[in-house]
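Engineer: sequence unknown, structure follows:
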């Protein structure tokens with residue numbers, strides 16, 4: 001592993017494939033910001049819909065039938081969903097505050113960190129949703145299994161596999 005790029009703080013090793021692009025630091029930051037915004041657009045829509053869904057649940061008649069454990073799972077799930085919403089939307093507000101202040105490097109680095117933590121919270125919220133829904137439909141044992149399977153799948157596909165392939169370079173593209 002090489003030195004990490006200080007400029008982007010995007011966890012890109014110095015000497016990585018980005019240097020093959022022959023772009024200036026400003027061009028690289030613009031590209032990284034644009035890429036991050038595209039990713040956030042996908043996540044923002046999903047987390048906002050999930051949060052809206054979760055916020056209306058207590059007003060449904062069947063919600064009163066949830067026991068203490070499922071109410072706690074629900075509250076943790078709502079907390080994670082709200083946290084994910086805050087972190088995944090924060091780069092937009094940060095951009096407005098830092099606009100024309102020549103702080104794109106900071107914006108990209110901090111937004112990257114917000115996105116990583118926001119996606120972790122979103123994954124936790126999705127696992128919680130699986131637990132609450134499966135508990136209502138098939139019971140507690142199935143709920144914990146569904147929540148665990150959801151969490152394992154999210155960890156595998158959102159983190160483990162991408163981390164495994166992080167420094168792998170496929171020359172067939």
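Structural biologist: In hand now; what should we look at? The structure displayed is predicted, hence computed values, not measured ones. Numbering: from 1, shown residues only.

Engineer: all contacts plus neighbour counts: C-alpha atoms, from now on.
Structural biologist: Noted.

Engineer: which stretches of this structure form helices?
Structural biologist: Remark: helices assigned in the chain by DSSP state H are 25-56, 68-98, 104-137, 140-155, 161-164.

Engineer: Quick check: which of those is buried the most?
Structural biologist: The highest average neighbour count among those, using mean count of other CA atoms under 10 Å, belongs to helix 104-137 at a mean of 21.

Engineer: For that one, name the packing helices and strands.
Structural biologist: Contact analysis of helix 104-137 by 3 or more CA pairs under 8 Å, 6 or more residues apart in numbering; DSSP states H and E lists helix 25-56, helix 68-98, helix 140-155 as its packing neighbours.

Engineer: ok, now which ones touch the residue most central in space within the chain?
Structural biologist: Nearest to the mean C-alpha position of the chain, by CA atoms, centre = their mean, lies residue 119 at 1.4 Å. Shown in contact with residue 119 (CA atoms under 8 Å, 6 or more residues apart in numbering): 43, 84, 88.

Engineer: how about CSV for the residues you listed, with distance to residue 150 and pLDDT added?
Structural biologist: Listed next are the contacts of residue 119 as CSV, based on distance: CA to CA, whole Å; pLDDT from 0 to 100:
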residue, distance to residue 150, pLDDT
43, 17, 82
84, 17, 94
88, 21, 89
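
Engineer: tell me which of these is nearest to residue 158?
Structural biologist: residue 43 (12.3 Å; CA to CA).

Engineer: need the contact list for that closest one.
Structural biologist: 88, 119.

Engineer: cool, and the one 5 residues further on?
Structural biologist: Residue 48 sits next to residue 85 when contact means CA under 8 Å, 6+ apart.
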